[in-house]
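S.K.: Next come a sequence and a model predicted from it.
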Protein chains: 2
Amino acid sequence: MVLMKIISLDNVPTTSPQMEGAEGVCKQVPLGVADGTPTMSLRVFTLDPGGFTPYHSHPWEHLNYILEGKGVMVDRDGKEHPIKAGDYAMVLPDEMHQFRNPRGAGAGRPLKFICMVPRERE
Amino acid sequence: MVLMKIISLDNVPTTSPQMEGAEGVCKQVPLGVADGTPTMSLRVFTLDPGGFTPYHSHPWEHLNYILEGKGVMVDRDGKEHPIKAGDYAMVLPDEMHQFRNPRGAGAGRPLKFICMVPRERE
């Protein structure tokens, strides 16, 4: 375990998590449980054009920063809200939500975003 | 309180926190306690050229993403480690650390970074 870590995303392994209701999603964990973080975990998700995360809710919040691309967040009422590189986003516990990279909105580019969660939800 | 928040940093108020041992530091909190986050807070710090945060330690971790510019992180031994836009960084609890934007390294540009902490440390 290191005490201070500095890393570029290029050096972080990529996985393709199998999540029901998701498509075209890759995951990286630049800073998290394996580093000994006591409270938080910082994951990065990349959604291919046409990709989406599950439309679901869970009893913890997430805090997001959009790194690259454009897309939408779907809220509890099914309404789509545009997001783009440079935006910050938050979902509170138990709120239905989904990230989507629609081919129109994203213009064929990946949508990449930070998703912070409590460490036990990494 | 909103349940889903999407915000650009341009729309987040900036404060100049008075911290002993710091100089040229501005702070923004795009996502945090005021939004009702139960676990985490996402702050953004901007260091002017020549600016620095305190060289200190505290009993909680922070997780960072470098948004803009270049600078250095000083470790427990006083050693400087270069950081640049796109890097992820972590400091574990009780580790001495400091962020600096030295005029040479940063080439006169601000150093801007996300600093995540447990909500009660916002």
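M.R.: It's in.

S.K.: Mind jotting down where the helices sit in chain A?
M.R.: For chain A, applying DSSP state H gives helices covering A:103-106.

S.K.: Would you mind listing what in chain A touches chain B?
M.R.: Where chain A comes near chain B, counting by C-beta under 8 Å from any C-beta of the partner chain, the residues are A:1, A:3-9, A:12, A:30-31, A:35-40, A:42, A:60-61, A:63, A:65, A:73, A:75-76, A:81, A:83, A:86-93, A:95, A:97, A:114, A:116, A:118. Where C-beta positions appear, they are placed from N, C-alpha and C, glycine not excepted.

S.K.: Ranking helices and strands of chain A by mean pLDDT, which lands last?
M.R.: helix A:103-106 (a mean of 71; mean pLDDT, DSSP states H and E).

S.K.: Please pick the buried ones from the residues of chain A next to chain B.
M.R.: Buried members of the residues of chain A next to chain B, counted by 16 or more other C-beta atoms under 10 Å in any protein chain shown: A:3-6, A:9, A:30-31, A:35, A:37, A:39-40, A:42, A:60-61, A:63, A:65, A:73, A:75, A:83, A:87-92, A:95, A:97, A:114, A:116, A:118.

S.K.: For chain A, give me the ranges with low pLDDT.
M.R.: Applying pLDDT under 70 to chain A flags residues A:1-2, A:105-107.

S.K.: A:Asp35 and A:Leu3: what is the separation?
M.R.: According to C-beta to C-beta, to the nearest Å, A:Asp35 stands 10 Å off from A:Leu3.

S.K.: For A:Glu68, grab the count of nearby residues.
M.R.: By the criterion of other C-beta atoms under 10 Å in any protein chain shown, A:Glu68 has 14 neighbours.

S.K.: Now it: closest residue in space, sequence neighbours ignored.
M.R.: Distances taken as C-beta to C-beta, 6 or more residues apart in numbering or on different chains put A:Lys112 closest to A:Glu68, at 4.1 Å, once the chain neighbours are dropped.

S.K.: hey, what's that neighbour bridged with?
M.R.: A:Thr46, A:Glu68 (DSSP bridges).
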